[in-house]
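Visitor: Okay, predicted coordinates and the sequence, questions at the end:
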Amino acid sequence: MLDLDRSSSTPVYDQIKSGLKGLVAKGRLRPGDEAPSIRGLAASLKVNPNTVARAYRELAEEGFLESRRGGTSVVARSALQLSRDCAAPARQAFLESARRARQAGLSWKELSELIVGLMATEP
């Protein structure tokens, strides 16, 4: 469901937040869907449940998740728009990185091969 980059300087809870937002943007989670349980997600990612709880708490504060009775969290109605809003800076960062790569001498073919290679690693 989610992949973590253990070598990244980005905190794990931020990676979890980004991953859940990405699942909504990709249509794998929809508004109204129940989010994975904190314990279940923590077990599958092999992280402390407090790390997942922090990510969920911040997502709730952002209006991305809603807490329900019984301790479950569901994807909020506003989540789709919020995930689109989060994607805009990522697109801009990608474009800037591609510009820098071209200025550094990478060809369009090399950039394309990098992207295709990245796509092959996506679930």
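Guide: Yep, it's here. This is a predicted model, so every value here is computed, not measured. Numbering: from 1, shown residues only.
Visitor: quick one: contacts of the worst-scoring helix or strand of the chain on mean pLDDT?
Guide: One helix or strand of the chain scores below all others by mean pLDDT, DSSP states H and E: helix 79-103, with a mean of 82. Here helix 79-103 makes contact (Cβ atoms under 8 Å, 6 or more residues apart in numbering) with 18, 21-22, 24-25, 29-31, 62-65, 76, 108, 110-111. Backbone N, C-alpha and C define where each C-beta goes, glycine included.
Visitor: Show me what secondary structure element comes after that helix.
Guide: Sequence order places helix 108-121 as the next helix or strand after helix 79-103, per DSSP states H and E.
Visitor: elements contacting that next one?
Guide: Judged by 3 or more Cβ pairs under 8 Å, 6 or more residues apart in numbering; DSSP states H and E, helix 108-121 is in contact with helix 79-103.
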